[in-house]
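A.B. asks: I would like the atomic coordinates for the input below:
(2 chains)
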Amino acid sequence: MSTARRKPYPFSTFEPKWQQHWDRAQTFHAPNPGDPGFDPTKPKYYVLDMFPYPSGAGLHVGHPEGYTATDILSRYKRMRGCNVLHPMGWDAFGLPAEQYAIKTGQHPSVTTAQNVAHFKGQLQRLGFAYDWQREVNTTDPGYFRWTQWIFLQLYHAWFNPETQHAEPISTYKGADVDSVRLAYVSEAPVNWCPALGTVLANEEVIDGKSEVGGHPVERRPMRQWMLRITAYAQRLIDELEGLDWPTGIKLLQQNWIGRSEGAEVHFGVEASEEKITVFTTRPDTLYGATYMVLAPEHPLVERLVTEEQWPDVREYREKTARKSDLERTELAKEKSGVWTGAFALNPVNGERIPIWIADYVLLGYGTGAIMAVPAHDERDWEFARKFALPIREVVSATPRVSVGNKVSCDSEPLECLAGEGFAVNSGPLDGLPTADAKAEISRLLEAQGLGKKTVNYKLRDWLFSRQRYWGEPFPIVWEDGKHRAIPASELPLTPPEMTDFKPTGTSEPPLAKATDWLRYSDKATRETNTMPQWAGSCWYYLRYCDVRNADRFVGTDAENYWMGGGNSGGVDLYVGGTEHAVLHLLYARFWHKVLHDLGHVSTPEPFQRLVNQGLILGEDGQKMSKSRGNVVNPDDVIAEYGADALRGYLMFMGPLEATKPWSMSGVEGITRFLARVWRLVMEEQQDGSWALGPVSAEAVPDKAQLRVLHASVKKVTADIEALSFNTALAQLMVCTNAFVNVSPRPLSAVRTLLTLLNPFSPHLTEELWENLAQRFGDAPGQLADVPWPTWDEALLIDDEIEIVLQVNGKVRDKIIVPKDASRDAVEAQARGSARIAEWTAGKEIKKVVVVPGKLVNIVVA
RNA sequence: GCCGGUGUGGUGAAAUGGCAGACACAACGGACUUAAAAUCCGUUGGCGCGAAAGCGCCGUGCGGGUUCGAGUCCCGCCACCGGUACCA
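C.D. replies: This next block holds a predicted model:
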């Protein structure tokens, strides 16, 4: 890139100038209720960005895309007279800093601080109107103290199914409080990643490999902290309804939670007291169950298996346990399993069916056991074909009359029918359509105590512990194998100072090496796991409301004001990438609901309106990546074209939510536009310096100019509200072009234009505003404090308007009519058109459609 | 397989059921300049007719439909992108 090229306008001098000015004047600081300068008569507006993980690589162009969008909105809302909360912070715990520490021996807090400083500098060079007094950092003890405090709230609470709300654990009347806590310890099999030396959540495992680094992951049973998010499954689905989120994201969350209605059915076991309970969404196919499958890890397996089958079963179980999730999915094409030697008894007809184990049945879903109905389930069908198990049709696509009991049970169907139909070969259900058959069988089972209707969710409880150093320590100690919370007064519990962060190689976390820190009392030792990175980001939007509060995680008044005080409210606009559509947003909603149930926050939902910015591709249309060499660094763009140009281009590229490729010549285009605005006010001198150009306070805009101006106010206002920034900028270009060849330029019009452009290009417009104020001596102060302009609808309509004349829907002529012309007058004038006469000559006019102000369509035979 | 999104000029895109392609980029032509850059003006969906002004036909992934009128609404397909996958 040529740095020698002359700048089309002197952004490199005035952009830093205004950034310093805003910082010094604290222009964008938003006082809290009770603070000096707080104006309670103004409505609040809370605009939130997903805060970044401050990586060593610095900002990517994807970051400023969403950040510019929210910045425009917050500057605009401020000019519209709102108290605007627009904060920024750092999601700074996490694996990369820790791994860098392992490599270099440098403490993660050091690299984190460096990276934060780097990110912050980059963001400030973009001129964002953040209230930096509200900056948060998840690794700051003053912050994570409250993350730990919230964990204690979860630990000390349970979910009461009666009220469907979390309640203090003291209201639980059962014997074992530990079995109902929202934060609990579990011994379940987890995803262990030997390379990272840690356990990962299901969501962090992709195709059997770790999301971070792509290392293989295996299943291992371990003691872990879990959060009982499943208790909230139904509310997390139901309460999506009132949110202004993209329907796609709502669906994604619903599918992730995965509610399915069905029934539990109890099967007896031949020659045994044991019972096997299965979950099925198709209880109507119970008569078609020809075998049964347990998950290989199912605890009943050991008690059921026969002696002669034991070697095979054991071998299969070991093989499955060794398999990583990757292998399990890769090998999914081919079904596998072994027979236990045992038989189950079908509760409706006493039929004896073999019990198998197979890894296509998952321990974690439903009851970990299924009844297999191969005729009506693809997976069972494949399995039955492979192992030559019987297949019996019990659902028919068309109603079929049973011939007594002699329906041909013996001939197996030729293909699997997974859909709905009509019951056959099913005793009392015969002839019923699927929905009725489900209801009927559920009724029968329930009446006989053989089963009941149930709802199941795919959502699992949240595996909340990690074997890492760089995370929040748990406020928990262990004594005699029992856990207990430390008092909130002992928070924050900071991680020990350590120089060796390496994984221990065992399942012991690195904190186990800090022997002094570990000892809590003579008998008690501290929990050595740390919290996952999600923890800090689950509630940061609440801390922003009241960052400095030392007594509460957020003050009541501040929370009530900014989060909307019990109305549907919360964050008014939340912008971020789709990659957080499920996890972050689900976890944060879960925590928020718990805090709400316990009376700590005023709304049930945190984020009222959500928008996902689209991905920015490289200039080659491919995903940006170092290896492709198509990465665009925002710093380079700012150095060459300025922050306003980068902001403008990011918004002009296309709709915010669309995926779109980067284009350097597009940046040049927006630069040309900004330079044109600059020259609207400034004129280049002989010596290359800039001085005020021909702008006049006396000059009056003519009718056409006024119309463009007012149309622009209207359109830019509507477009910003709709986040349609590309079209708003297009209108600002139209408006600018209308004044380029005007001299002298009317001051009032120029000022309106600058005001409209200010949220998009704050530096340029402030600089020009200041130059005008110096010359004209009025309008002191900064443009950011000027109220948003209004428009006069009357000025938008010309006295005369153009009407399109169509014949059979094709444009044939245009006429000019007075703006208030009657229908009849317009039609008469249309019929009078010579060109229309040509096209209708000799034809019968069947109909005339008149759309006032728009068109006349004459329909001929 | 399932769910979601997107298909419009050479490119990014715009269009409450009412003139398809606003606004830009690129390209081409012109003005200014010794020259270039920058700037300004103009042309720019395709095909055809015309010396020209102009005129006509076709055109929003494909095939149907509704309507006076469809990029937009309905039905059926195709392609690409993203997510997800033995969830019983």
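
A.B. asks: hang on, A:Thr68 packs against A:Met651?
C.D. replies: Yes: with contact taken as C-beta atoms under 8 Å, A:Thr68 and A:Met651 are classed as touching, separated by 6.0 Å. Every residue, glycine included, has its C-beta placed from N, CA and C.

A.B. asks: who's more crowded, those two?
C.D. replies: The residue with more neighbours, out of A:Thr68 and A:Met651, is A:Thr68; 27 against 24, by other C-beta atoms under 10 Å.

A.B. asks: can you list the residues of the stretch 651-800 of chain A near RNA strand B?
C.D. replies: Residues of the stretch 651-800 of chain A that fall close to RNA strand B, judged by C-beta under 7 Å from any atom of the strand: A:652-655, A:658-661, A:663, A:665-666, A:668-670, A:672-673, A:675-676, A:724, A:726-727, A:729-730, A:733-734, A:737, A:740-741.

A.B. asks: hmm, A:Val850 is touching A:Ala825, no?
C.D. replies: No: in this structure, A:Val850 is not within contact of A:Ala825 by C-beta under 8 Å, at 9.9 Å.

A.B. asks: more crowded one of these two?
C.D. replies: Of the pair A:Val850 and A:Ala825, A:Val850 is the one with more neighbours under other C-beta under 10 Å, namely 18 against 13.

A.B. asks: doesn't that one lie inside a helix?
C.D. replies: No: if the criterion is DSSP: H, G, I helix; E, B strand; the rest coil, then A:Val850 is strand and not within a helix.

A.B. asks: and it, how far from A:Lys843?
C.D. replies: Counting by C-beta to C-beta, to the nearest Å, the separation of A:Val850 from A:Lys843 is 19 Å.

A.B. asks: give me the most central residue, chain A.
C.D. replies: Within chain A, one residue has its C-alpha closest to the average C-alpha position: by C-alpha atoms, centre = their mean, that is A:Ala581, at 2.7 Å.

A.B. asks: identify the residues contacting that residue.
C.D. replies: A:249, A:252-253, A:612 (C-beta atoms under 8 Å, 6 or more residues apart in numbering).

A.B. asks: pull the most distant pair out of these.
C.D. replies: Taking C-beta to C-beta, the two most distant members of the contacts of A:Ala581 are A:Gln253 and A:Asn612; they sit 12.9 Å apart.

A.B. asks: neighbours around the closest residue to RNA strand B within the stretch 101-250 of chain A, how many?
C.D. replies: Ranked by C-beta to the nearest atom of the strand, the top residue of the stretch 101-250 of chain A for proximity to RNA strand B is A:Gly248, at 3.3 Å. Under the neighbour criterion other C-beta under 10 Å, A:Gly248 is assigned a count of 12.

A.B. asks: in a helix, it, correct?
C.D. replies: Yes: the secondary structure assignment for A:Gly248 places it in a helix, going by three-state DSSP.

A.B. asks: ranges for the helices of the stretch 601-750 of chain A?
C.D. replies: Assignment of helices within the stretch 601-750 of chain A using DSSP state H, counting those that start in this stretch yields the ranges A:634-641, A:643-652, A:664-681, A:703-721, A:725-740, A:747-757.

A.B. asks: quick one: buried residues of the shortest one?
C.D. replies: Pointing back at helix A:634-641 there. Going by neighbour count (16 or more other C-beta atoms under 10 Å), the buried part of helix A:634-641 is A:634, A:637-638, A:640-641.

A.B. asks: check stretch A:451-461 too.
C.D. replies: Buried residues in stretch A:451-461, defined by neighbour count with 16+ other C-beta under 10 Å: A:451, A:454, A:456-457, A:459, A:461.

A.B. asks: okay if I get those as a markdown table plus secondary structure and pLDDT?
C.D. replies: Converted to a markdown table, those look like this (DSSP: H, G, I helix; E, B strand; the rest coil; pLDDT from 0 to 100):
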| residue | secondary structure | pLDDT |
| --- | --- | --- |
| A:Gly451 | strand | 94 |
| A:Thr454 | strand | 93 |
| A:Asn456 | strand | 93 |
| A:Tyr457 | strand | 94 |
| A:Leu459 | coil | 93 |
| A:Asp461 | coil | 92 |
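
A.B. asks: right, I'll leave it there.
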